[in-house]
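> Generate a structure from the sequence data that follows.
(chains A and B)
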There are 2 protein chains.
Amino acid sequence: MAKKYVYLFGGRGTKAEGNAEMKAALGGKGANLAEMTNIGIPVPPGFTISTEMCTVYYETNGLPKDLKTQVKDAIRKVERAMGLGFGDPEAPLLFSVRSGARASMPGMMDTVLNLGINDDTVHGLIKLSGNERFAYDCYRRFIQMYSDVVMEADSQELEEELENMKHKKGVKLDTELSAEDLKQLVVILKEKVKTLTGRDLPSDPMEQLWGGIEAVFRSWNTPRAITYRKLNSIPDEWGTAVNVQAMVFGNMGDNSATGVAFTRDPATGENVFYGEYLPNAQGEDVVAGIRTPMPINIQGRHEPSQVSLEELMSDQYKQLVDVYQTLENHYRDMQDIEFTIQEGNLWMLQTRTGKRTAAAAVSIAVDMVEEGLISKEEAVLRVNPDQIDQLLHPQIDPNADKEIIGKGLPASPGAAVGRVVFSADDAEVEAGKGEKVILVRIETSPEDIHGMNVAEGVLTARGGMTSHAAVVARGMGKCCVSGCQDLTIDYTTQVSTLGGRKIKKGDFITLDGTTGEVMLGKCPTVKPTLSGSFGTIMEWADKIRQLGVRTNADTPHDSQVARDFGAEGIGLCRTEHMFFEGERILAVREMILAEDEEGRRATLDKIKPMQKGDFKAIFEVMNGLPVTVRLLDPPLHEFLPHTDDEIAEVANSLKKPAEEIKAKRDSLHEANPMLGHRGCRLGITYPEIYEMQVRAIMEAACEASKQGIKVEPEIMIPLVGHVNELKILRKMTVEVAEEIMKTQGVTLEYKVGTMIELPRAALTADQIAEQAEFFSFGTNDLTQTTFGLSRDDAGKFLPVYVDKKILPKDPFMAIDQEGVGELVRIGVEKGRTTRPNLKVGICGEHGGEPSSIDFCHRVGLNYVSCSPYRVPIARLAAAHAALNNKK
Amino acid sequence: MAKKYVYLFGGRGTKAEGNAEMKAALGGKGANLAEMTNIGIPVPPGFTISTEMCTVYYETNGLPKDLKTQVKDAIRKVERAMGLGFGDPEAPLLFSVRSGARASMPGMMDTVLNLGINDDTVHGLIKLSGNERFAYDCYRRFIQMYSDVVMEADSQELEEELENMKHKKGVKLDTELSAEDLKQLVVILKEKVKTLTGRDLPSDPMEQLWGGIEAVFRSWNTPRAITYRKLNSIPDEWGTAVNVQAMVFGNMGDNSATGVAFTRDPATGENVFYGEYLPNAQGEDVVAGIRTPMPINIQGRHEPSQVSLEELMSDQYKQLVDVYQTLENHYRDMQDIEFTIQEGNLWMLQTRTGKRTAAAAVSIAVDMVEEGLISKEEAVLRVNPDQIDQLLHPQIDPNADKEIIGKGLPASPGAAVGRVVFSADDAEVEAGKGEKVILVRIETSPEDIHGMNVAEGVLTARGGMTSHAAVVARGMGKCCVSGCQDLTIDYTTQVSTLGGRKIKKGDFITLDGTTGEVMLGKCPTVKPTLSGSFGTIMEWADKIRQLGVRTNADTPHDSQVARDFGAEGIGLCRTEHMFFEGERILAVREMILAEDEEGRRATLDKIKPMQKGDFKAIFEVMNGLPVTVRLLDPPLHEFLPHTDDEIAEVANSLKKPAEEIKAKRDSLHEANPMLGHRGCRLGITYPEIYEMQVRAIMEAACEASKQGIKVEPEIMIPLVGHVNELKILRKMTVEVAEEIMKTQGVTLEYKVGTMIELPRAALTADQIAEQAEFFSFGTNDLTQTTFGLSRDDAGKFLPVYVDKKILPKDPFMAIDQEGVGELVRIGVEKGRTTRPNLKVGICGEHGGEPSSIDFCHRVGLNYVSCSPYRVPIARLAAAHAALNNKK
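Numbering: from 1, shown residues only, chains lettered A, B, ... in the order given. Here you go, the predicted model:
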């Protein structure tokens, strides 16, 4: 028997062949259309061609015979359900063809509407609708879409013919064109297609349909779709399904409409029905952002002039409310729905779990627990750790003076300050130079994604809350103000105006995505105040997670920020940063230039009080929590000046000949500093440096302790490769520590441990654990050595590797679980064989990345340590890890 | 009961308390003294204080009471056996105190003779010997040795008093001093000791004895002993035993003598009794090289004026022959023995397995198999793989014109050419500059070891075949000519004379350690012709070993040398070396400077024929054997010129502006080139380079094959970290190879594999093996990444690490089995899970190092690959590994 590729859905009072569980085969849209059918929601009948066919299509470069038979059978069934015939000149059935992948890829792939229309069936459509203008409008839309998507004609050229016609007729809007105008336009457009492509637009409905289906499959591999998948980690192998569905028309006159809605507010999470619609329009008009739509209900109105669906068609609105409540209860999550009202009949075209801002995600999750819809665990899982980043970033200072020059829709919350650019390419160029930029566009399209990705925020003149710009920006957690109607942009002169002010490329503006306000210049920003729901989710997360969360912080300020964000200690306090500050760097340089140990000790005596002050201030902030201090790590040459000017300056300050400094710099030069004379190798060859640092830490700890501060210093020796290194340095550390505690008359709990950042350390962790009370995996360096990859140099080929999918992800962003992770696993396992109570953490940048945190949980680490702003992300990700890995 | 620290041995017709198996406790000397006692050899009675006491001594800084009791008991037994009393003024027993570690450390540690002599007992000695002169000579020797070894007085100062006395008496030799002279000298020396040390020389025999015992323990930790242990991998924990033995005197007159002998010729291995003796002398006189000794038998005479022991004391000689034969049969190995004849009575003072040259080791091993003494396996184990290096190095061309200016003893074979230096320190300085040096000394001492270690050869004016210089040089496998009596050296003016010629520091000389000849200037050398015994041992080794042995060779010449040495294929043919030759480097630079792929392909077309020629020539030499070719590995900037002059030259040749070349060099600069854009990363980003190389290899292979050469090319992709890299490059390689074979109409067996030189590759070897038919562990780079250690930079701290014993050995010399080795083990194990017949080798420099080869055997590699001259070493080491790891 032939394999089943085609699955029916829709119609009223029937069951579908698929269901919501079948997303892998039917795609998200297809599975949900089937599910809606099964729970009695009115869905226009149609069928889904499974994702498997996409793979077949790419393998065989065509569609198999089996499929043709199955599609023809399905069409017959849809014809029966609708009482219409595909290609029937009397009562024509038209189809939409839409892509539908497993994961949502909004606006990424192609859609063709009104398939089946031609010079014959258009008359049947006139007869059915009694509306000639509508029928020809369908026809000209079909020609424009089909020639663009299937025949790859330049859509701009066809759009121009539409503009010409409007110009000729002296009208401004498409809707002002008459049936006769559109009839003429159909002829003109068909000729234009022939001219542009050398081919006739097919008039045979079946030919049109196959063209549409193939175009959807082809659209899976457009560059923009590939980019989107890469950004969102969607596997290429998944492929897309194709949904072929009977057309219903929101543009059949004033008793027709089309719209999109969210079952709750996707920006704030508030439990209100929230959506937009356009009367007498096709669905694409709403999401394409060409006409600015109106609010679905009275509550949603921004201006008194707007008329909501609730007012315009109250019966259908009530029916829609019933449907959305059924859907939300069924799916137990906020839904993003599309509907069309054709001559008073409501049809649901799509439902899916709605994208939402982090704030909304948090609020909805907590609300739904209170509503009894979901459990606390589900609520925690509903909030994406990566996304909450946006909640943690600054907002505009409410007390700031701000020159508001315009207002748009609050499409994606947060504040953004940056220089204006008018194209995605410019955004990339300027951001590449380190500039913060705001992308300002009339509207955005999928071609702009790379620019949105690097921009601080996005401002558009057109488009609503569900426009491309708004949806994509929310997904990215980026501030966006959309539909700022006063905004004019001249792309040629690179000048825009708003509120009577000229804004040129490079000028600073500020966006407030929470209010929709646009300000001239740079507004001051403040730390976000986190909502009560956020605190609730975090509290639940903390109860669930098993991993501790610490922070990487080198200053009292960063330590305080992290502690406010819930950090349970410092996992990595780097001491070298302290060496670079102010006068210290001079003392450090003097130390490096000293001729012998005695000279070094003399200058180290100058540095010690400063280091001690640093540590004491940090201990005070972290009162009651452990603080892991890493002893000096970088090679000494990093502290020396490099250019001749800098050398001259230092020579002058230190009253030493420049030649001497140059000679020292040259003698310290290394071919591969990453693999050089650094970390504990310095501690071995210049014991006096580490000794000074241990003294500074322990003296600070003792003094703080005497002042009633609870200190838990953990002294960490970096870059250990052989247990003997640690043995020597641990001995020194313990001797110094004991001596200081004795002198100061204080007894402290302190620990001595090591970074595991070399493969050899992980491989011999059983030996090393005998000398270490804790391990902290330094996965930045461990990634460099395990891959044999210098982070400084990898820019020349690592992007190519990620592009060509040689590496699934940049291993400096997300831990490489197979390689680097294997060493972590070995290190933990071996370490605990000789010291079962070994405390093990991670302090590489991976410590704040959710997939890496999941790995850390699985491998049995005690804690992760990350930058202060990522602490809440790590807390939540740790809870996800605990839940997702429950047996 | 108290622990037993003291073990009796010696005397006639008794058994000892120890035996040869107890080396760990008794040291080599003590165990053998006991063993000799047990097999009926005459040994002066005495006792051994076990090595354990050395540890106790260092732990407690003294000697326990238990020991004192046991020693006193033992003394009483020795007194009885000798019929003498320790401290008895009538019939005094004197003792020697000698160190005796588990491993032989010739000349490294201290000895004191004649303990028990004082102003009273000297009279008893006169009475017993009837020889006053002898008695006072013993006394003055005792004072000199004891004050030096135990009291740390400057021995030179005491030596001067002896010289003064000779001067005063107008004599030249010590032996010309009369009893009265010596009696006076004893008084003078005792006063001198008091002046130098502030203490009286102890006269109490027991006090003398304890001083001697402690001095021996102390001598375990002298700097020279520590250095020696480090050079010879002897653990510090072993400690030394102390042998206290009744003195017998070779200097009791003309019917007394002392000597050392080897049961076979230690230089050639010839089965002749070989030794030296001095009549009327103490043993130290022979080994210290102060008087040049005479041959033990007629066969050994170099000059007619010499009188052998065989002639002088034929009975004792015959008895000695009996003893040596008993010993060799008992120990089943060539022995190094010491004896003393006291007034006609033969006493054996020591036997141990004799050190020998590699040639002797080979010859003795083969002979002993033929004599039925040992098995072939034992014979193979008797030859130290490290040592045979000396057999493989050049000898002086027999047809060369050579200006022989002098002749000494052929103390250690081989040829050495170098510039003359007169001190060990100078040797080190000059060798550090890359100069080849010959160390020329009147005699050498343990203080000279560091100089001998870096010298090509050693020439001494004094000392015999068993002098310090000779013994140490043979151990090092270094050429040595000793006892070149015509040689004069003035250390002050740094000028020496020989054969009427002046030789200044820095002049070239040539030594022939096989003949003892010294030549002025540089003599041409030739490859050694290996002896038949060598071939026999190698044949036996080849039958025993399970590891294959290949070579690392990049040229037809090296390939031929390696094949002649028994290489079974090429394990690593580096292609980058080929890029540097002659005009090619210009084409390579042009390729690097090309602006695009097209430009690169054009220049690669120029390089291809040259590469093809290289490969073809190598395939011809290696006819019938596999050849592993590694594709380009170093980063491209290595091929660009660096200095401004070089850049100008290249700019001129390529007719490109220098600025362009500089810009390219700068753009290619890397912070850590070791971890940079190299290896297969080049193959991924510039596929055309690897494609050219694969074409060159396969075209060469096809052409050679058509000419009847049997080729087995193995194409090796370097620096793979992720299986996807290999997947892409393997696909390219196979496509190109198949295309070429099709075009050329040839079918070849070829393999595609990879270097495992990154930790990640080893950790994911299961995945990588799916794409690789073979692995070759590149342990040089693997060591760098596993340790996070740049070979180029490690010079700043690695020596400190080895000195401080943080690392037991330089990991670039011998594989780090715990860390790097663990990755090798993981890689082999995982690789074979997905490809059970995976061929696995090693091509780092470790492939020629015996301890690493043992590891490779244990871990189940198929072959090792090493430099051509190390191939025989690897063959032998592989056989050792097979034998030593038999269950």
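> Dihedrals phi and psi, A:Gly62?
Phi and psi for A:Gly62, reported as degrees, to the nearest 10, are phi 180, psi -170.
> In the stretch 151-300 of chain A, what residue comes closest to chain B?
Nearest residue of the stretch 151-300 of chain A to chain B: A:Asp236, at 13.7 Å (CB to the nearest CB). Every C-beta, even on glycine, is put in place using the N, C-alpha and C of the backbone.
> Up against chain B, what does the stretch 151-300 of chain A have?
On the criterion CB under 8 Å from any CB of the partner chain, chain B has no neighbours in the stretch 151-300 of chain A.
> Could you tell me which ranges of the stretch 151-300 of chain A sit under the pLDDT cut-off?
A:286-290 (pLDDT under 70).
> Which stretches in it count as strands?
A:240-246, A:257-262, A:274-279, A:294-295 (DSSP state E, counting those that start in this stretch).
> Compare those and give me the one nearest B:Asn885.
strand A:240-246 (58.9 Å; CB to CB).
> strands paired with the closest one, and their directions?
Here strand A:240-246 is paired, per DSSP bridges, with strand A:43-49 (antiparallel), strand A:95-101 (antiparallel).
> Bridge partners for A:Asp336, pull those for me.
In beta-bridge terms (that is, DSSP bridges), A:Asp336 pairs with A:Phe262, A:Arg352.
> doesn't A:Ala360 make contact with it?
No. In this structure, A:Asp336 is not within contact of A:Ala360 by CB atoms under 8 Å, at 11.8 Å.
> Quick check, A:Glu845 in contact with A:Ala874.
No. Using CB under 8 Å, A:Glu845 is not in contact with A:Ala874; the gap is 11.4 Å.
> what's the span of stretch A:366-381, first residue to last?
Taking CA to CA, to the nearest Å, stretch A:366-381 runs 11 Å from one end to the other.
> what does it rub up against?
With CB atoms under 8 Å, 6 or more residues apart in numbering or on different chains as the test, stretch A:366-381 has contacts from A:264, A:269, A:271, A:329, A:332-333, A:365, A:382, A:533, A:536-537, A:540-541, A:544, A:876, A:879-880, A:883-884.
> Going through the residues you listed, which ones are buried?
Neighbour-count burial (16 or more other CB atoms under 10 Å in any protein chain shown) applied to the contacts of stretch A:366-381 gives A:264, A:269, A:271, A:333, A:365, A:382, A:533, A:536-537, A:540-541, A:544, A:876, A:879-880, A:883.
> coming back round to it: mutual contacts of A:Asp336 and A:Ala360, please.
A:Pro266.
> coming back round to it: would you turn the strands paired with strand A:240-246 into JSON lines with mean neighbour count and mean pLDDT?
Output for the strands paired with strand A:240-246, formatted as JSON lines (neighbours: other CB atoms under 10 Å in any protein chain shown; pLDDT from 0 to 100):
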{"stretch": "strand A:43-49", "mean neighbour count": "28", "mean pLDDT": "97"}
{"stretch": "strand A:95-101", "mean neighbour count": "25", "mean pLDDT": "93"}
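> is stretch A:840-854 anywhere near chain B?
No. For stretch A:840-854, no contact with chain B is found by CB under 8 Å from any CB; the gap never falls below 14.4 Å.
> end to end, how far does that stretch reach?
For stretch A:840-854, the end-to-end distance is 15 Å (CA to CA).
> Could you list the buried residues of it?
A:840-854.
> what's the closest of the residues you listed to chain B?
Distance to chain B, by CB to the nearest CB, is smallest for A:Gly844 among these, at 14.4 Å.
> residues contacting the nearest residue to the residue of the stretch 151-300 of chain A closest to chain B once chain neighbours are set aside?
Spatially, and ignoring its direct neighbours in sequence, A:Asp236 is nearest to A:Arg229 (6.5 Å; CB to CB, 6 or more residues apart in numbering or on different chains). Taking CB under 8 Å, 6+ apart, we find A:Arg229 in contact with A:Met105, A:Pro235, A:Asp236.
> And these, which of them are buried?
Members of these classed as buried by 16+ other CB under 10 Å are A:Met105.
> Can you verify A:Phe9 is assigned to a helix?
No. A:Phe9 is assigned strand when assessed by DSSP: H, G, I helix; E, B strand; the rest coil, not a helix.
> Which residue is the nearest non-sequential neighbour of it?
Nearest non-adjacent residue to A:Phe9, counting by CB to CB, 6+ apart: A:Ala16, 3.8 Å away.
> returning to what we had before: of the buried residues of stretch A:840-854, which belong to strands?
Under the assignment DSSP state E, the buried residues of stretch A:840-854 contribute A:Val840, A:Gly841, A:Ile842 to strands.
> Now do the contacts for the last one.
A:Ile842 makes contact with A:Gly571, A:Ser776, A:Phe777, A:Thr779, A:Val824, A:Ser852, A:Cys856, A:Leu861, A:Tyr863, A:Val864, A:Ser865, according to CB under 8 Å, 6+ apart.
> List phi and psi for A:Gly13.
phi 70, psi 20.
> What is the burial count for it?
Look at A:Gly13: counted by other CB atoms under 10 Å in any protein chain shown, it has 7 neighbours.
> Look up the closest residue to whatever residue of the stretch 251-400 of chain A ends up closest to chain B, ignoring the ones flanking it.
Relative to chain B, the nearest point of the stretch 251-400 of chain A is A:Asp386 (24.6 Å; CB to the nearest CB). Nearest residue to A:Asp386 in three dimensions, chain neighbours excluded: A:Pro850, at 5.9 Å (CB to CB, 6+ apart).
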